[in-house]
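>>> Structure, please.
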Amino acid sequence: MLKYSDIRRKLNINISGPEQTHLAYLTHFLQSQKNGVSHLFITQATEYIYKLKLEADPVDEPYFQDRLPIEWDIPFPPVQKPKFTFIDLFAGIGGFRIAFQSHGGKCVFSSEWNYFAQKTYEANFGEVPFGDITKINEKEIPDHDVLVAGFPCQPFSIAGVSKKNALGRNHGFKDETQGTLFFDIARILNEKKPKAFLLENVKNLVSHDSGNTFRIISKTLDNLGYNIHFDVLDGKYFVPQHRERIVIVGFLREIFKGKEEFQFTEMPAPIHKLSDILEKNPDKKYTLTDKLWEYLKNYSEKHKAKGNGFGFGLTDINGISRTLSARYYKDGSEILIPQKGRNPRRLTPRECARLQGYPDKFIIPVSDNQAYRQFGNSVVVPLMKAVAGKLVSELQKQNGQYSSKRSTVSTKS
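Below you'll find the model as predicted:
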């Protein structure tokens, strides 16, 4: 059986820069065996293989996908007998993918613009995400049961809407959301009409731009035919970190008739403490230098004198940490680990991974600075796994009603 690691080496699957679309087509093709969507990727995938001008080898065959089973020697191989399909937008390093794959989901499309994140994603899932979502035609995205996206928070301009109102003209999601990344979610929902979606964002999305942002998002999703449920959830019930995020789950009224029984997961007791995720012998390079430690202490004192709360966070390892952010790579000040007889230290990348609920088999193939950014931008995996479980449960309840209509799980390619 051909190993994915051999394919990676033979076909030069190496992410060295942005927008490596040929590798996205190739790896999506490899992963799309017998799920009915390989035709969307085969042309560009085989063109890339031919350009390599390889010597005779089974992997050179343009249709080797159907002739040779692949041994996925990666941490998170694709689900072989999927219960449902999903797409992973603004995929980051794959926290949502782990969550939905754990419930039997098959990812049929992924998109992430940052090529360092793409590198981490490929190392763990054997798939290179497509790049800039704004450049991807929604008609070329495979049909799917669930759309998943952790999208950025951006304000919506109301100028165009106000003008249309004054002129008595109708306006839809294209007018209100154009120019934001939520627009790309909306256009995909409008075109593909998945049965459900899960969106994640920072908790202040509800109050952002005086509430205008969330009002437009909610109205847009409703106009697209979805019944929505939302709540602000804290990751501290699953990991030793205070991390609040808003989660929006939607179900297509055409299928569920607004009668879904979805409820957000009941939170378990918060029993986790930071010491649970710390490495026993971290490298000394993570200890703050005297210069940086003095700077942080002086910075904190300066702001305390002004009545501000800015400063470093010397963490109680028997408690939980502050929220890990993407800026952690700068100085690690929001989560510092005390050390006896030494300056405090920042978390290691592996500890950051654990703080977000990633298992230790998760590969970190990038520099420390990039890893800090990636985990700081990530979701709390076990929290999203719990929410995904509730969503998938509703899909399964409705399976008899929708499977004959538009099931996207196929055994043909």
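>>> In what element of secondary structure is the nearest residue to residue 238 once chain neighbours are set aside found?
Leaving out its chain neighbours, the residue that sits closest to residue 238 by Cβ to Cβ, 6 or more residues apart in numbering is residue 382, at 4.1 Å. Placement of C-beta: from N, CA and C, glycine included. According to DSSP states H and E, residue 382 maps onto helix 381-397.
>>> Can I get that helix in CSV? Just the C-alpha atoms.
What follows is helix 381-397, C-alpha atoms only, in CSV (Å, rounded to 0.1, in the frame of the first residue of the first chain):
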residue,chain,number,x,y,z
VAL,A,381,-10.8,21.9,20.1
PRO,A,382,-12.7,19.9,22.8
LEU,A,383,-15.2,22.7,23.1
MET,A,384,-15.9,22.7,19.4
LYS,A,385,-16.0,18.9,19.4
ALA,A,386,-18.8,19.1,22.0
VAL,A,387,-20.8,21.6,19.9
ALA,A,388,-20.1,19.6,16.7
GLY,A,389,-21.5,16.5,18.5
LYS,A,390,-24.8,18.4,19.2
LEU,A,391,-25.0,19.6,15.6
VAL,A,392,-24.3,16.2,14.2
SER,A,393,-26.9,14.6,16.5
GLU,A,394,-29.5,16.8,14.8
LEU,A,395,-28.3,15.8,11.4
GLN,A,396,-28.7,12.1,12.4
LYS,A,397,-32.2,12.7,13.7
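>>> Sheet partners, orientation included, of the strand or helix carrying residue 250?
According to DSSP H and E, residue 250 maps onto strand 244-252. If you go by DSSP bridges, strand 244-252 pairs up with strand 196-202 (antiparallel), strand 226-234 (antiparallel).
>>> Reformat these as a markdown table; add mean neighbour count and distance to residue 245.
As requested, those are exported to a markdown table (neighbours: other Cβ atoms under 10 Å; distance: least, Cβ to Cβ, whole Å):
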| stretch | mean neighbour count | distance to residue 245 |
| --- | --- | --- |
| strand 196-202 | 23 | 6 |
| strand 226-234 | 18 | 6 |
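>>> In a markdown table: these, plus mean pLDDT.
What follows is those, written out as a markdown table (pLDDT from 0 to 100):
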| stretch | mean pLDDT |
| --- | --- |
| strand 196-202 | 95 |
| strand 226-234 | 97 |
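>>> so which of those strands comes closest to residue 292?
Closest approach to residue 292 among those (Cβ to Cβ): strand 196-202, 27.8 Å.
>>> Now do whichever helix or strand comes after the closest one: distance to the chain's middle.
Note on strand 196-202: by DSSP H and E, the next helix or strand toward the C-terminus is helix 212-223. Mean-position distance between helix 212-223 and its chain equals 22 Å (Cα atoms, centre = their mean, to the nearest Å).
>>> other SSEs contacting helix 212-223?
helix 173-177, helix 181-192, strand 226-234, strand 244-252 (3 or more Cβ pairs under 8 Å, 6 or more residues apart in numbering; DSSP states H and E).
>>> if we can go back for a sec, may I see the strands paired with strand 244-252 organised as TSV, with distance to residue 373 added?
Converted to TSV, those look like this (distance: least, Cβ to Cβ, whole Å):
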stretch	distance to residue 373
strand 196-202	16
strand 226-234	22
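>>> which one of those strands lies closest to residue 73?
Nearest to residue 73 among those is strand 196-202; the distance by Cβ to Cβ comes to 29.2 Å.
>>> what's near enough to touch the residue nearest to residue 238?
238, 239, 357 (Cβ atoms under 8 Å, 6 or more residues apart in numbering).
>>> can you tell me which residues contact the first one?
Counting by Cβ under 8 Å, 6+ apart, residue 238 touches 268, 272, 357, 380, 382, 383, 386.
>>> Could you tell me how far residue 248 is located from residue 183?
16 Å (Cβ to Cβ, to the nearest Å).
>>> Revised request: answer the last question for residue 339.
Counting by Cβ to Cβ, the gap from residue 339 to residue 183 is 47 Å.
>>> In terms of packing, which of the two has more residues around it?
residue 183 (20 against 13; other Cβ atoms under 10 Å).
>>> what's the distance between the more buried one and residue 260?
26 Å.
>>> can you give me the strands for this structure?
2-3, 70-71, 84-89, 105-110, 146-150, 196-202, 226-234, 244-252, 336-339, 342-346 (DSSP state E).
>>> so which of those comes closest to residue 130?
Nearest to residue 130 among the strands of the chain is strand 105-110 (6.9 Å), distances taken as Cβ to Cβ.
>>> which of the residues in that closest one are buried?
105, 106, 107, 108, 109, 110 (16 or more other Cβ atoms under 10 Å).
>>> What is the nearest of these to residue 323?
Distances from residue 323 to those, taken by Cβ to Cβ, are shortest for residue 110, at 25.6 Å.
>>> Check whether the closest one really touches residue 130, as I assumed.
Yes. If you go by Cβ atoms under 8 Å, residue 110 and residue 130 touch, sitting 6.9 Å apart.
>>> Spell out which residues are contacts of both of those two.
Contacts common to residue 110 and residue 130, judged by Cβ under 8 Å, 6+ apart, are residue 28.
>>> who's in contact with the nearest residue to residue 87 once chain neighbours are set aside?
Closest residue in space to residue 87, ignoring its immediate chain neighbours: residue 109 at 4.2 Å, by Cβ to Cβ, 6+ apart. The contact partners of residue 109, taken as Cβ under 8 Å, 6+ apart, are 28, 37, 87, 88, 130, 141, 142, 144.
>>> run the last query once more with 6 Å
By Cβ atoms under 6 Å, 6 or more residues apart in numbering, the residues touching residue 109 are 87, 141, 142.
>>> Same check on residue 107?
Here residue 107 is in contact with 86, 88, 97 (Cβ under 6 Å, 6+ apart).
>>> Please convert those residues to JSON lines, extending it with pLDDT.
Shown next, in JSON lines, are these (pLDDT from 0 to 100):
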{"residue": "86", "pLDDT": "98"}
{"residue": "88", "pLDDT": "98"}
{"residue": "97", "pLDDT": "98"}
